[in-house]
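Colleague: give me a 3D structure for the following:
(one chain, ligands or ions: 3)
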Amino acid sequence: MANVVVVGAQWGDEGKGKIVDWLSERADVIARFQGGHNAGHTLVIDGKVYKLHALPSGVVRGGKLSVIGNGVVLDPWHLLKEIETIRAQGVEITPETLMIAENTPLIMPYHGELDRAREEAASKGTKIGTTGRGIGPCYEDKVGRRAIRVADLADPATLEARVDRALQHHDPLRKGLGVEAIDRDGLVELLKEIAPKILEYAAPVWKVMNEKRKAGKRILFEGAQGALLDIDFGTYPFVTSSNVIAGQAATGVGIGPGAINYVLGIVKAYTTRVGEGPFPTELDDADGQRLGERGHEFGTTTGRKRRCGWFDAALVRQTCVTSGVTGISLTKLDVLDGFETLKICTGYDLDGQVLDYLPTAADQQARCTPIYEEVPGWSESTEGARSWADLPANAIKYVRRIEELIQCPVAMLSTSPEREDTILVTDPFAD
Ligand code: GDP
Ligand code: IMO
Ligand code: MG
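Modeller: Ligands and ions are numbered 1, 2, ... in the order given. Below you'll find the model as predicted:
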């Protein structure tokens, strides 16, 4: 049976949630493998909007198993609130439909505080523009071997020892930033209070995933963020703190890389970015404003205005390689309706030299100017199109040109936020 990894191929917000929801009909298990509630995945089903941050997007379909893997960092208080919100929208969430890996690190209140204090103290050039949700500091604690993990909630003595170890590190840090010391006993109490509510979902996810795989169940791995925010391959240091690319799907749940049969890259028909950092095709003009307005480009998690720009084929070609993308899902094509001409970046000019990829060094990135190819737009509406036949000739040409430039075929097309406004070209789950 085919198992599919969905990854963002730009700077996030490509429409992963919609596509994961659409594909989850064909899957048995939907697993998050990195990131945390910095993600904001929007699903629109018959006009009803669901906004998911920590929960996998497959949760809204009944009869599926949703999994939060060890590669995720989990804010337990946020999760419990999100479960309540989604339940209030009529979705059933039980320990039978949701599992959390026992080895998942927990985001503590001091992680969010540290994240925000650092951002406030940062000057222009060092500010990342994080979501302020404590993602980076929690991953730091994981790698620093002082994280509090889901399994630690089960034993009060272990939990207290873990809290003490974490505070040994965090209190001096906070002092340096002028933040008050952590109320140790208060935190232990808070953790003991939520422990049973979280532990009811805790499971040895690595074991369950491998058993499901053996039983021939179909697994859909749901990536968060996008490859250009990857800690290794993104526009460092303006990135998130996890590996985002497809290889992480295996380590993020405890399954062998051979389990992955298809990698679906989610690609917006133009480019957006939230937060600081380089963005070669960014538009600071009426076209950029138009993309933002037509695309409703405001962050799902922070409400921040997203920066907008032309499609960057050089960057997507690069991310398709680092994730081993089999096919892409091109989203938000409808947002481009009505542009007389469209520009596509095919590479960069660096000091007179043509590059077909974005170099790693920050000073070189800053000197790269995009090389554009201009293509005709279309005046007809593509909104809600459900077949190729519904698309104007120039829209098809635009899609075909993107395929050529990124050297990767289009497997799916999305033409509105609604679940059913989707064109399937190749089924990623086909054996
Ligand atoms: P994600 O983080 O990748 O899941 O993406 P977000 O949910 O943060 O942002 C994508 C936004 O675009 C959401 O508001 C979606 O409802 C919306 N969206 C998804 N696909 C399409 C599409 O094909 N056309 C339009 N107009 N909107 C879309
Ligand atoms: P989804 O899954 C877009 C960005 C933040 C910031 C940087 C680091 O909805 O695509 P962090 O809080 O992770 O330390 O912030 O990463 N970022 C996202 N941008 N979509 C996301 O998720 C993002 N998650 C983090 O804006 O620039
Ligand atoms: Mg998003």
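Colleague: please make it C-alpha for all contacts and neighbour counts, starting now.
Modeller: Will do.
Colleague: would you mind listing what in the stretch 101-250 of the chain touches ligand 2?
Modeller: Of all the residues in the stretch 101-250 of the chain, those in contact range of ligand 2 (Cα under 6 Å from any ligand atom) are 128-133, 135-136, 224-226, 229, 239-241.
Colleague: make it 8 Å
Modeller: In this structure, the stretch 101-250 of the chain approaches ligand 2 at residues 115, 128-136, 223-226, 229, 238-241, judged by Cα under 8 Å from any ligand atom.
Colleague: in helices only, show me those.
Modeller: Cross-referencing those against helices under DSSP state H gives 115, 135-136.
Colleague: now the buried members of the residues you listed.
Modeller: Neighbour-count burial within these applies to 115, 135-136; the criterion is 16 or more other Cα atoms under 10 Å.
Colleague: would you confirm that Val6 contacts Asn261?
Modeller: No. Counting by Cα atoms under 8 Å, no contact exists between Val6 and Asn261, whose distance comes to 11.4 Å.
Colleague: neighbour count winner among the two?
Modeller: Between Val6 and Asn261, counting by other Cα atoms under 10 Å, Val6 is the more crowded of the two (29 against 16).
Colleague: surely the more buried one is within a strand?
Modeller: Yes. The assignment for Val6 is a strand, going by DSSP: H, G, I helix; E, B strand; the rest coil.
Colleague: contacting residues around it?
Modeller: Neighbouring residues of Val6 by Cα atoms under 8 Å, 6 or more residues apart in numbering: 16, 20, 220-223, 246, 263-266.
Colleague: do Ile83 as well
Modeller: In this structure, Ile83 makes contact with 55, 93, judged by Cα under 8 Å, 6+ apart.
Colleague: which strand runs longest in this structure?
Modeller: Secondary structure assigned by DSSP state E gives strand 341-350 as the longest strand of the chain.
Colleague: average pLDDT for it?
Modeller: Mean pLDDT, computed over strand 341-350, is 98.
Colleague: report the buried residues of the helix or strand just after it.
Modeller: Proceeding N to C from strand 341-350, the next assigned helix or strand is strand 353-355, under DSSP states H and E. Of the residues in strand 353-355, those scored as buried under the neighbour-count criterion (16+ other Cα under 10 Å) are Leu355.
Colleague: just checking: what are the partner strands of strand 353-355?
Modeller: Sheet partners assigned to strand 353-355 using DSSP bridges are listed as strand 341-350 (antiparallel).
Colleague: any part of the helix or strand harbouring Val49 near ligand 1?
Modeller: The secondary structure element spanning Val49 is strand 48-52 (assigned by DSSP H and E). Yes. Remark: strand 48-52 sits within contact range of ligand 1 at 49, 51, by Cα under 8 Å from any ligand atom.
Colleague: picking that back up, quick check, nearest of the buried ones among the ones in helices among the residues of the stretch 101-250 of the chain next to ligand 2 to ligand 3?
Modeller: Using Cα to the ion, Ile135 comes nearest to ligand 3 of those, at 15.1 Å.
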